[in-house]
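Engineer: Just the structure for this:
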Amino acid sequence: MSEQLEFLVPDWPAPPSVHAVMTTRRGGFSTGPYASFNLASHVGDDARAVEANRRRLHDALSLPSDPQWLTQVHGRRVATLSGPSSGSADAAVAFEPGPVAAVLTADCLPVFLASRAGDRVGIAHAGWRGLVLGVVEATVAALATDPADLIAWLGPAIGPTAFEVGGEVRRMFVAMQPESDADFRPGRGQKYLADLPGLARRRLAACGVPAVYGGDLCTATDPTRFYSYRRDGQTGRMAALIWLA
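Structural biologist: Have a look, this model is predicted:
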């Protein structure tokens, strides 16, 4: 292990009971394309390295419990964390201290959500497919409170200078929200460069969430700090974690 463990803490006005952290790729035991703090067990990394990284995560953050890792499928299902297993889902919510909600990312956007009262939190794994399917709306609804009382932080994701998509992706977003056209600009050939954080901001605004922070860290253009599937293909995953104390 040659690097110091590094975490990102959301810069948002969350109450003291809300704890949120985003990992980077620095400070773990994985090697090769997974170097070094890979937290995903499904990407081909050595299982012993992943387990060591997860133990280090737990100890470094003094987590109240092990993160409840989801089987992510780029969908909109939201798990409510109250038991030992959460299954297949792309978002999770918690309403009491103890459970640690988590999603794994390597270009997709982690969307952190918390109530201003500090009594509920959520996390969503939002790539373009999840945004089209409504994972943001589903997570906001699962929090079961007035959306105006929620705050959001957008973690590292592939940025608007690197995220190239086809015209069909643009058409899907514009069909849902015509103003989403502003989040696409011409790329190479018939492609477009998409602003994934910008699209998420629009979905949050449409849900009634007024206070959205972050969204300015690009995974694809910062290989020393972040994993990026679009950039590297074979790579690790970072974790977005949120819990109540």
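Engineer: And the longest helix that the chain contains, what's buried?
Structural biologist: When the chain is parsed with DSSP state H, its longest helix is helix 47-61. Buried residues in helix 47-61, defined by neighbour count with 16 or more other CB atoms under 10 Å: A49, V50, N53, R54, R56, L57, L61. For every residue, glycine as well, the C-beta is placed using N, CA and C.
Engineer: what's the helix or strand for M172?
Structural biologist: Here M172, judged by DSSP states H and E, is contained in helix 167-176.
Engineer: And the helices in the protein, which stretches?
Structural biologist: Residue ranges of the helices in the chain, as given by DSSP H, are 47-61, 128-133, 135-142, 167-176, 196-207, 229-232.
Engineer: want to throw those into CSV with distance to V9 and mean pLDDT?
Structural biologist: As requested, these are exported to CSV (distance: least, CB to CB, whole Å; pLDDT from 0 to 100):
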stretch, distance to V9, mean pLDDT
helix 47-61, 11, 97
helix 128-133, 24, 98
helix 135-142, 21, 98
helix 167-176, 30, 97
helix 196-207, 18, 98
helix 229-232, 24, 97
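Engineer: could you pull out the strands for this structure?
Structural biologist: For the chain, the strands defined by DSSP state E cover 7-8, 18-23, 67-68, 78-80, 91-94, 100-105, 109-115, 121-126, 150-154, 164-165, 184-186, 192-194, 211-214, 238-244.
Engineer: could you dump the ones you listed to TSV with mean pLDDT?
Structural biologist: Formatted as TSV, the strands of the chain follow (pLDDT from 0 to 100):
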stretch	mean pLDDT
strand 7-8	98
strand 18-23	98
strand 67-68	95
strand 78-80	96
strand 91-94	97
strand 100-105	98
strand 109-115	98
strand 121-126	98
strand 150-154	98
strand 164-165	98
strand 184-186	97
strand 192-194	98
strand 211-214	98
strand 238-244	98
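Engineer: Redo those strands as JSON lines? Include mean neighbour count.
Structural biologist: Below are the strands of the chain laid out as JSON lines (neighbours: other CB atoms under 10 Å):
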{"stretch": "strand 7-8", "mean neighbour count": "18"}
{"stretch": "strand 18-23", "mean neighbour count": "24"}
{"stretch": "strand 67-68", "mean neighbour count": "23"}
{"stretch": "strand 78-80", "mean neighbour count": "20"}
{"stretch": "strand 91-94", "mean neighbour count": "26"}
{"stretch": "strand 100-105", "mean neighbour count": "26"}
{"stretch": "strand 109-115", "mean neighbour count": "28"}
{"stretch": "strand 121-126", "mean neighbour count": "29"}
{"stretch": "strand 150-154", "mean neighbour count": "24"}
{"stretch": "strand 164-165", "mean neighbour count": "16"}
{"stretch": "strand 184-186", "mean neighbour count": "15"}
{"stretch": "strand 192-194", "mean neighbour count": "21"}
{"stretch": "strand 211-214", "mean neighbour count": "18"}
{"stretch": "strand 238-244", "mean neighbour count": "25"}
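Engineer: and the ones you listed as TSV, adding distance to R203?
Structural biologist: Output for the strands of the chain, formatted as TSV (distance: least, CB to CB, whole Å):
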stretch	distance to R203
strand 7-8	22
strand 18-23	20
strand 67-68	24
strand 78-80	14
strand 91-94	13
strand 100-105	16
strand 109-115	9
strand 121-126	8
strand 150-154	10
strand 164-165	16
strand 184-186	15
strand 192-194	13
strand 211-214	10
strand 238-244	17
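Engineer: which residues does P99 contact?
Structural biologist: P99 sits next to S65, Q68, L81, S82, W243 when contact means CB atoms under 8 Å, 6 or more residues apart in numbering.
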